[in-house]
Structures are given as C-alpha cells and as structure tokens.
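Novice: Attaching a predicted model along with its sequence, questions to come.
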Amino acid sequence: MKTTIKSSDVYLRFLQLADVIRGLPSLSPLDPLEEKILAMVARAGEQEERLCVRDMMAKEQLGAPATIHTRLKSMRAKGWIVLSDTEDARRKQIELTREAVRYFDRLSRCMVEAVKGSV
C-alpha cells in the first residue's frame, strides 16, 4: 500500500524543525515583525539590492517609522543586522551579520530535512 505524502505534512515538519533552530542560544530571538524585517533584508541582499534604513522605514506594511526604527535598533543589539556606510554619510545600508546568514543556512537545512523525512 502506497502512502501519500501531503505537502502540509512537509510544511508542518519544517515548522517543527525551524522551532528547534529558533530555540538555539546562538542569537537572541526575534519577534514576528523582526522576522519579517530580517526576511526583507535577506531577500534584498540575495537580489543584490540596496536597502537602507530610510527605505525600510518607508515600508508602510511594517508599521510606523518609529516602530521600524526601534526594531532595527533591537536587531542590531541582538546581533542579527549591521548598518554599513554608503557614499552618502547620512544613509546606512542594512546587512545581515554572519550569524544571521548561518541562521538562514540552518533554516534551509530544515527545509531539506523536512522533505527527506516525508519521503
């Protein structure tokens, strides 16, 4: 009898594995808004797009600029992002730290493991 693998099973297994990764003590945990910001920074970096603090604060879907600024400060303090200088000293580029890149690498491995575990 052949067992059917539901895609929801794979996703739920991934979520379970990702929770384990998020619980590791290497970096301080992120709240849901910070997770969303981190994903935006990662996607911008992957697409080799510049993303500065002002650009991030203009994203209405993230909330008020003051809230975004507070979250960026928190993420810097937690070790998830760094702000790099640009040619304009008034603008700071948002970039992932090495630990944040490792976090995405671990999440990727969770995805692969979730698929393997369901096959």
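Specialist: In hand now; what should we look at? Numbers count the residues shown, from 1 in each chain.
Novice: can you pull the buried residues of the lengthiest helix in the chain?
Specialist: Across the chain, the helix with the greatest residue count (assigned by DSSP state H) is helix 98-118. Going by neighbour count (16 or more other C-beta atoms under 10 Å), the buried part of helix 98-118 is A100, Y103, F104, R106, C110, M111, A114, S118. Every C-beta, even on glycine, is put in place using the N, C-alpha and C of the backbone.
Novice: Grab the nearest non-local neighbour of the third one.
Specialist: What it means is F104. Excluding the flanking residues, the one nearest F104 by C-beta to C-beta, 6 or more residues apart in numbering is A42, at 6.0 Å.
Novice: Of the buried residues of helix 98-118, just say which sits nearest to I68.
Specialist: Proximity of the buried residues of helix 98-118 to I68 (C-beta to C-beta) peaks at A100, which lies at 17.4 Å.
Novice: Contacts only, for the closest one.
Specialist: Neighbouring residues of A100 by C-beta atoms under 8 Å, 6 or more residues apart in numbering: L27, L38, A42, G79, W80, I81.
Novice: Just among these, which is most surrounded?
Specialist: Using other C-beta atoms under 10 Å as the neighbour criterion, I81 leads the contacts of A100 with 24 neighbours.
Novice: Let me know the pLDDT of it.
Specialist: Note for I81: predicted pLDDT of 97.
Novice: For D19, see how far away it is.
Specialist: Separation of I81 from D19 (C-beta to C-beta, to the nearest Å) stands at 22 Å.
Novice: need the helices for the protein, in chain order.
Specialist: Under DSSP H, the chain gives helices at 7-22, 32-46, 53-57, 65-78, 98-118.
Novice: coming back round to it: ok now the longest helix of the chain, how far from the chain's centre?
Specialist: 12 Å (C-alpha atoms, centre = their mean, to the nearest Å).
Novice: could you give the mean pLDDT of it?
Specialist: Mean predicted confidence for helix 98-118 is 86.
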